[in-house]
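>>> here is the input, now give the coordinates:
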Amino acid sequence: MTAPTYFLSTLGCAKNQVDSEKVEVMLAEAGYAATDDASDADIVMVNTCAFIEDARRESVETILELDGQKRSDARTVVLGCMAQRFGVEVENALPEVDAVLGLDRYGELVGTLDRMTSWHPVEVRRRPTMDILHVVDRPASSTPFAYVKVAEGCDKPCTFCAIPLIRGKQRSRRPIEIRTEVERLVGGGVSEVVLVAQDLAAFGRDLDDAPRKPTIVDLLESLSEVDGLKRMRLLYLYPREIRPELIAEMADNPKVASYFDLSLQHSSTRLLRGMKRPGGRDKYLELTGIIRAAAPEAALRSSFIVGFPGETEEDFEELVSFVDEVRLDWGGFFPYSAEEGTPAAELEDMVPRDVVNERLRHLTALQEQITEGNNLDTVGMIRDVLVDRVEDGIAVGRSYREAPDIDGLIRLDRGVPREWVRTEIVDVYGPDLEGRVVGGVAPS
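Below you'll find the model as predicted:
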């Protein structure tokens, strides 16, 4: 029998992308063959996102679109966050779907597909239930960077967030497991890893290691020893978890990008308490001041919720003032989404959608102006740039200041993918920069 083929579409965040890559490993080991054409596949799979309403809508639209492209005898399988949280609803609402497997059922995936396709008798090749978080193998990366998930879930009680409902409590991976995965990625040509988790700075707190629990700093020190790894980047840092030792490590370790992705969400103390989050304008200005004192050239990013229930004009003006004063290098602004099952979804005093949209436009325009100004300050500076790709004959890369997929980029006068080049910043185009290559970078 010819090996069954599958097509896998991934939606949502980098953590979903990592899950999909590990699913691919599991399927390859079971003899399944990947295809990049849904119409050729025996099985069409969608790894869904359910973080906010728009993400769920996109997931459903993608499922239906791919179902319309597949062969009449092919099967449709739904994976990921929407499958985890709304599995029964998906099964009832979408008769086109043949199987729904949430995050805690990935260990059943191979057996489910075997039964669908009659590929290998299940009773001969029975597999134990597997937590995909602990898979260390990954497919060869098509990019010189790779996301590495170091923990799953979150213990924080934020009233607006459905992540604990979807992914559960925090579960950190063993440091040796993470290092093995990074070593294999680097062996396959990756030279930058982006560490991700819902609460990255709290890594290790749930582990029972003796004589003491490993911390995120311990993990960074261990990964720094991996030959060929040139840069690590940390995404999603909860402000209260950022300890002085982490700031020092990010400021002083040459392999750790001095890039602080701070999960601030707002600056109004009143609204933050409604979100069940600590901090506020003064605390956040103090934190960013400490970071900049330790790492004067650090890049700072954050995301903010606009239109949380009860957000007044005064709250909004306070956020505008904070954004103008803190001068982050990168910022994202998102409308509040009432998520079923979260405490905030029960709140009244919703902000009208047209008001939210106008506030988003105002803040986005302000941040674009700040970002461009900060970028202009880098003109004439020399950066180590990793060339990600060549598009339309132009090499495109990133320094420590630009995270993949979310920030601006640097357009270079020359370069090839996976190459590291010393680059002078010569011009700015909004969020993007233009660089002139002045030399190569010594290997690590």
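>>> now the longest helix along the chain: average pLDDT?
Ranked by residue count, the top helix of the chain under DSSP state H comes out as helix 353-376. Mean per-residue pLDDT for helix 353-376: 97.
>>> what does stretch 226-242 give?
The average pLDDT within stretch 226-242 is 96.
>>> from the chain's centroid, how far away is that stretch?
From the chain centre to the centre of stretch 226-242 is a distance of 12 Å (C-alpha atoms, centre = their mean, to the nearest Å).
>>> distance between the ends of it?
Stretch 226-242 stretches 24 Å from its first residue to its last (C-alpha to C-alpha, to the nearest Å).
>>> is it true that L223 touches M232?
Yes. Contact criterion C-beta atoms under 8 Å: L223 and M232 qualify, at 6.0 Å. C-beta: built from backbone N, CA, C; applies to glycine.
>>> give me the number of residues near E183?
For E183, the number of neighbouring residues by other C-beta atoms under 10 Å comes to 17.
>>> then the longest helix of the chain to CSV, C-alphas only?
The C-alpha coordinates for helix 353-376 follow below in CSV (Å, rounded to 0.1, in the frame of the first residue of the first chain):
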residue,chain,number,x,y,z
ARG,A,353,-16.8,49.2,18.7
ASP,A,354,-16.4,52.5,16.8
VAL,A,355,-14.8,54.1,19.9
VAL,A,356,-12.4,51.2,20.2
ASN,A,357,-11.5,51.4,16.5
GLU,A,358,-10.8,55.1,16.8
ARG,A,359,-8.6,54.6,19.8
LEU,A,360,-6.7,51.8,18.0
ARG,A,361,-6.0,54.2,15.0
HIS,A,362,-4.8,56.9,17.3
LEU,A,363,-2.4,54.6,19.3
THR,A,364,-1.1,52.8,16.2
ALA,A,365,-0.3,56.1,14.5
LEU,A,366,1.5,57.3,17.6
GLN,A,367,3.6,54.1,17.9
GLU,A,368,4.5,54.2,14.2
GLN,A,369,5.9,57.7,14.7
ILE,A,370,7.8,56.6,17.8
THR,A,371,9.2,53.5,16.0
GLU,A,372,10.4,55.4,13.0
GLY,A,373,12.1,58.0,15.3
ASN,A,374,13.8,55.2,17.3
ASN,A,375,14.9,53.6,14.0
LEU,A,376,16.3,56.9,12.8
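>>> can you give me the buried ones in that helix?
Within helix 353-376, the residues that count as buried by 16 or more other C-beta atoms under 10 Å are V356, R359, L360, H362, L363, Q367, I370, T371, N374, N375.
>>> list the contacts for the fourth one?
Contacts were defined as C-beta atoms under 8 Å, 6 or more residues apart in numbering; by that measure H362 touches V320.
>>> which residues sit against the strand or helix carrying E61?
Using DSSP states H and E, E61 maps to helix 53-69. Here helix 53-69 makes contact (C-beta under 8 Å, 6+ apart) with 7, 9, 11-12, 38-39, 44, 46, 48-50, 76, 78, 80, 82, 86, 94, 96-97, 337-339.
>>> those in helices, which ones?
G80, M82, F86.
>>> of those residues, which is the nearest to V416?
Nearest to V416, judged by C-beta to C-beta, of those is G80 at 34.5 Å.
>>> for the protein, which residue occupies the most central location?
Using C-alpha atoms, centre = their mean, the residue of the chain that lies closest to the mean C-alpha position is A14, 3.6 Å off.
>>> distance between stretch 49-64 and the chain's centre?
On C-alpha atoms, centre = their mean, the centre of stretch 49-64 falls 17 Å from that of its chain.
>>> please apply the same query to stretch 46-65.
17 Å.
>>> about what we covered before: would you list the ones in helices among the contacts of helix 53-69 in TSV and tack on distance to Y147, pLDDT and neighbour count?
As requested, the ones in helices among the contacts of helix 53-69 are exported to TSV (distance: C-beta to C-beta, whole Å; pLDDT from 0 to 100; neighbours: other C-beta atoms under 10 Å):
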residue	distance to Y147	pLDDT	neighbour count
G80	15	91	28
M82	20	91	28
F86	25	91	21
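>>> and those residues, which is closest to H266?
Using C-beta to C-beta, these come closest to H266 at M82, 26.9 Å.
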